[in-house]
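Asks: 3D model of this:
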Amino acid sequence: MSDSRDELQAYTVRLELVDRPGELLRALEPIADNGGNLLSIFHERGNLTPRGHIPVEVDLEAAPDRFEGIVDALRAEGINVIQAGAEVYAEEVTVLLIGHLVRTDLSDTLDRIEDSIDSSVEDFALSAPENTDGKSSARLRLATQSGETDAALATIRSIAAEKDFRVVEPLTAGGGA
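Replies: Purely as a prediction, here's the structure:
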């Protein structure tokens, strides 16, 4: 088996990083540690995600048998991988959450949704009263991998039940008007 560069393939990994010193380095270490060679990094500091994080696109080359290990290592380090190579979120679902979203730690809710399922919060809008005593509502648009929408909705239902939120889900296919 040779180590020629012809065996390497180019991949793109799209990440979502917290805006803290050292986060970019923390995300790059698993790539290097698992045999990835950096080609370019596009750090979109002026363009925050709905959760207030920084999108980062990393182009790298690696042997095909090492790429999955790189993605697994990133996730093991707690790095939010939005897209990895051909692994692109193919389905979207929008839900509404209603309840004491702010008082029950909205960041925790969003983190748990993304950590529990293989999805990404693509868009988020909050409508809240002037104080945290009233109920608020949030619209979440999630991107999921093909065939994972039902699992995403089940996770949201579970978190909502625990936090006493009401979930307004989209109509599913086959529902008549």
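Asks: so what's Val167 up against?
Replies: Val95, Leu96, Leu97, Ile98, Ile156, Arg157, Ala160 (CB atoms under 8 Å, 6 or more residues apart in numbering). Where you see a C-beta, it was placed from the backbone N, CA and C, and this is true even at glycine.
Asks: surely the fifth one is in a helix?
Replies: The one in question is Ile156. Yes - Ile156 sits within a helix when classified using DSSP: H, G, I helix; E, B strand; the rest coil.
Asks: so what's the residue count around it?
Replies: By the criterion of other CB atoms under 10 Å, Ile156 has 24 neighbours.
Asks: if we can go back for a sec, return the member of the contacts of Val167 nearest to Val81.
Replies: Val81 lies nearest to Ile156 out of these, by CB to CB, at 20.0 Å.
Asks: hang on, the earlier thing: among the contacts of Val167, which are in strands?
Replies: Judged by DSSP state E, strands contain the following of those: Val95, Leu96, Leu97, Ile98.
Asks: highest neighbour count among those?
Replies: Within the ones in strands among the contacts of Val167, Leu97 tops the neighbour count with 22 neighbours, counted by other CB under 10 Å.
Asks: check what pLDDT that residue gets.
Replies: If you check Leu97, the pLDDT there is 93.
Asks: I figured it was touching Leu142, is that so?
Replies: No - using CB atoms under 8 Å, Leu97 makes no contact with Leu142, being 11.6 Å away.
Asks: tell me the secondary structure for the residue nearest in space to the middle of the chain?
Replies: Nearest to the geometric centre of the chain sits Ser120, at 3.2 Å (CA atoms, centre = their mean). Classification of Ser120 by three-state DSSP places it in strand.
Asks: and if you look at Leu28?
Replies: At Leu28 the chain is in helix, as set by three-state DSSP.
Asks: so what secondary structure elements neighbour the helix or strand containing Ala152?
Replies: Using DSSP states H and E, Ala152 sits in helix 149-163. Secondary-structure packing of helix 149-163 (3 or more CB pairs under 8 Å, 6 or more residues apart in numbering; DSSP states H and E): strand 91-99, helix 106-116, strand 136-144, strand 166-168.
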